[in-house]
Structures are given as structure tokens and as C-alpha cells.
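Engineer: Generate coordinates for the sequence data below:
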Amino acid sequence: MAQKRWKYVSNRTNVYIIGIYHNWESGHCMIYANNEIIDIEFNVLEGKQKSFFVDEELLYIDIVKHLDGYEYSLLKSKEKKSRFLHALNSIKQWIKA
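Structural biologist: Prediction:
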């Protein structure tokens, strides 16, 4: 089981504690911001990028698989995207799968 958390200050100067719990065996993965669950996914056994919004800012958590475990990084998107466009792109990718 891996746990990682970051302190993030948004452009609006709001402070967030963003974290991830990831069970390496089952692949269960949960992302939270200030103790509020914002994403849950099961069977995350390979590398993956999870995206979500905080104060209208698009953030990513990169999950990178290594031979001895996983590495987690919190990244801020350099692109300006609205929640609507992000949701539309997510739906398009889901339909292709």
C-alpha cells in the first residue's frame, strides 16, 4: 500500500492537501483533496495519469510503475481548459475504448 500527499496552493490562494492511496496488490486507487474523495478507480496495476480540477485548475497525478513499486507526482496543467472541455475529451476517450 502506498500513500502520498502534497500541499497545493491554488491561484485563488486556497490551500489543499491532495493525496493518493494506492494498493499495489489489488490496484485500488483513491485520490482526495482536503479529506474529500474526488476519484476512485479499481485495478490500477500499471502506470496511469489521473486528472481532476481544483479551483478551476486542471491537475494531474502521474502514477509510474517501477520494478520495485510505484512513483507518484502531482502536476499542474499548463493548458487553460474548462471543466466542460475536459469532460468532453474524457467522454470521447471513453467511447473509443
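
Engineer: in this structure, which helix or strand is least confident?
Structural biologist: helix 83-96 (a mean of 69; mean pLDDT, DSSP states H and E).

Engineer: which stretches of this protein have low pLDDT?
Structural biologist: Residues of the chain meeting the criterion pLDDT under 70: 1, 80-89, 96-97.

Engineer: Okay, strands next: where are they in it?
Structural biologist: 2-9, 15-22, 29-33, 36-41, 48-54, 57-66, 69-76 (DSSP state E).

Engineer: Give the pairing partners of the shortest one; include direction for each.
Structural biologist: If I follow you right, that is strand 29-33. strand 15-22 (antiparallel), strand 36-41 (antiparallel) (DSSP bridges).

Engineer: So what's the gap between the first one and the chain middle?
Structural biologist: Going back to what we said before, that points to strand 15-22. In this view, strand 15-22 has its centroid 9 Å away from the chain centroid, taken as CA atoms, centre = their mean, to the nearest Å.

Engineer: What of the shortest one?
Structural biologist: Averaging C-alpha positions (CA atoms, centre = their mean) puts strand 36-41 9 Å from its chain's average.

Engineer: cool, stretch 32-47 as well?
Structural biologist: Counting by CA atoms, centre = their mean, stretch 32-47 comes out at 7 Å from the chain centroid.

Engineer: Give the buried residues for it.
Structural biologist: Using 16 or more other CB atoms under 10 Å as the test for burial, stretch 32-47 gives 32-33, 44. Where C-beta positions appear, they are placed from N, C-alpha and C, glycine not excepted.

Engineer: Then stretch 46-55?
Structural biologist: Applying 16+ other CB under 10 Å to stretch 46-55 flags 48, 50-51, 53-54 as buried.

Engineer: And residue 66, how close does it get to residue 12?
Structural biologist: 35 Å (CB to CB, to the nearest Å).

Engineer: same deal with residue 40?
Structural biologist: Taken as CB to CB, the span from residue 40 to residue 12 is 26 Å.

Engineer: now swap in residue 63 and tell me
Structural biologist: Residue 63 is 27 Å from residue 12, by CB to CB.

Engineer: got it, and residue 75?
Structural biologist: 19 Å.

Engineer: Please identify which of the two sits among more neighbours.
Structural biologist: residue 75 (12 against 9; other CB atoms under 10 Å).
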